[in-house]
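Student: sequence first, then the predicted structure:
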Amino acid sequence: MHNGKTSIELVVPSILGYEIVARGAVATFAHFIGFDQARIEDLKTAVSEACINAIEHGNQLQPDLPVHITSSYDGHRFTVEVSDTGTKPFGTITEPKTIEEKLAGAASLRGMGIMLMAALADEFLVEPSAAPGNTVRLIWYQCEVAQP
Amino acid sequence: MIELRLPSRLGYERVAMDAAASLASRMGFETDRVAALKTAVSEAVTNAIEHGNQHNEAMKVVVLLTVRGDELIVSVTDQGHKAIDAAYVNRVPQISEAMKRDDKGGWGIWLIQELMDEVEFTTAPSGGNQVRMVIHLER
Amino acid sequence: MLEDELKVSTRVIGNIAVIDLVGDVTTFAEAKINAAYQEMSQNGAQQILLNFRQNDYINSAGIAILIGIVTEVTRNDQKLAFSGLSPHFQKIFRMVGLSQYAKIYQDEQEALTDLQNAATA
């Protein structure tokens, strides 16, 4: 069984469509860990949004710039980190806008990805990488914390 | 090009199989060719896990998927704890022989060679075993 | 979990022992498949059908397990058949030579009909 930390790493070019391959690889990994199908669907959507962000925004659709996806599991926490090479900073991430605000024109319609990632992952954060670039970290806990 | 780094644990070959299949489907490969590719990738990665890396999870199996025109090139590299037995390359295993042995395996390399359009077994610059296989899109 | 991707169950239809294999047939399947075969053999099965379902992953380690079953079946003078394989794995089973020892049917119904007819003929 899964004792200790296990990880898979994936590097894809900044071409739209490759997020589907990345999403599939991470989903297969999550399936091994024993995640149920509903969580895997959440994870697939969040991972593809993170990759699309990295491809379109961070790497500005330059095919040769890599997107690094590291997915790891430590026994109870499943983490996915998606890093770009940061041609363009991610920008200041404030509270994700709601759909109502977006429809009312108070926030850009793009950026839905951030809202989705925040909603679907148990934890979501964006941080500048050590190297120039942005890293999105998505975390899921295998078991819900039991209510007292 | 897609690069995948996997731990040497049986089961993880499916991450590579699914990634390769997803890419091949997008390229327009037919279902039966995608299935053949999945089997070949599975055999190459399980070989790397079991033989090349001797199930040492800290050792990585590196899978590169490269799209070049109408072909998909897959390379699988291990860390070369144990070299591929040359006797398995270009050998046609016989089921009647396998039935007499305790170990009924030894089909992997032959399957890869049967299913892919081009297959090459080499030693990577790092010293590990490298399997390079190519599948052509037929239009 | 990773190691538990195969469900094996057994049933008897007429004089045919059916072993259903749902999931992945890899090295992790060995104990389950062998146990199911032993159970059916001990119950006196003469005709055994390995009925595959939703098996999109059978690898060479899984094939080696099946060659083991073929070896036992030959030794015990039983009859073995396969059903429910995808076209890809039907091809692989033919390439490996498993089809020399066990007939491959498209689906369970075709197998049961043919095996029952053969037994009564």
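Tutor: Sure thing, it's come through. Residues are numbered from 1 along each chain as shown, chains lettered A, B, ... in the order given.
Student: for the residue most central in space within chain C, give me the pLDDT.
Tutor: Nearest residue to the geometric centre of chain C (C-alpha atoms, centre = their mean): residue C:50, 2.3 Å. Note for residue C:50: predicted pLDDT of 98.
Student: contacts only, for it.
Tutor: Shown in contact with residue C:50 (C-beta atoms under 8 Å, 6 or more residues apart in numbering or on different chains): C:19, C:21, C:66, C:69, C:80, C:81, C:82, C:83, C:102. Just so you know, the C-beta spots here come from the backbone N, C-alpha and C atoms, and that holds for glycine as well.
Student: so for the helix or strand containing it, what gets flagged as buried?
Tutor: When elements are assigned from DSSP states H and E, residue C:50 belongs to strand C:47-53. Buried residues in strand C:47-53, counting neighbours by 16 or more other C-beta atoms under 10 Å in any protein chain shown, are found at C:47, C:48, C:49, C:50, C:51, C:52.
Student: quick check, nearest of the residues you listed to residue B:106?
Tutor: Among the buried residues of strand C:47-53, residue C:50 lies closest to residue B:106 (C-beta to C-beta), at 21.5 Å.
Student: any idea how far that closest one is from chain B?
Tutor: Per C-beta to the nearest C-beta, to the nearest Å, residue C:50 is found 16 Å from chain B.
Student: and that residue, bridged to which residues?
Tutor: With DSSP bridges as the criterion, residue C:50 is bridged to residue C:19, residue C:82.
Student: quick check: the gap between it and residue C:19.
Tutor: Distance, residue C:50 to residue C:19, using C-beta to C-beta, to the nearest Å: 5 Å.
Student: same check, this time on residue B:62
Tutor: 38 Å.
Student: ok, back up a step: farthest pair in the contacts of residue C:50?
Tutor: In those, two members sit farther apart than any others by C-beta to C-beta. They are C:69 and C:83, at 14.4 Å.
Student: and the following helix or strand past the strand holding residue C:50 with strand C:47-53, angle?
Tutor: Using DSSP H and E, the next helix or strand after strand C:47-53 towards the C-terminus is helix C:60-75. Helix C:60-75 runs at 160 degrees relative to strand C:47-53, counting by axes from the mean of the first three to the mean of the last three C-alpha atoms, to 10 degrees.
Student: from the contact counts, what lies against helix C:60-75?
Tutor: If contacts are counted by 3 or more C-beta pairs under 8 Å, 6 or more residues apart in numbering or on different chains; DSSP states H and E, helix C:60-75 sits against helix B:31-47, helix B:95-100, helix C:30-42, strand C:47-53, strand C:79-83, helix C:87-96.
Student: so which of these gets nearest residue C:60?
Tutor: Of the helices and strands packed on helix C:60-75, nearest to residue C:60 by C-beta to C-beta is helix B:31-47, at 5.7 Å.
Student: would you mind naming what in chain A lies close to chain B?
Tutor: When proximity is defined by C-beta under 8 Å from any C-beta of the partner chain, chain A lies next to chain B at A:6-13, A:17-18, A:20-21, A:24-25, A:27-29, A:32.
Student: the residues you listed: which ones sit near chain C?
Tutor: Among those, the ones lying close to chain C by the criterion of C-beta under 8 Å from any C-beta are residue A:32.
Student: strands - which of the residues of chain A next to chain B land there?
Tutor: In strands, judged by DSSP state E, the following of the residues of chain A next to chain B are found: A:6, A:7, A:8, A:9, A:10, A:11, A:12, A:13.
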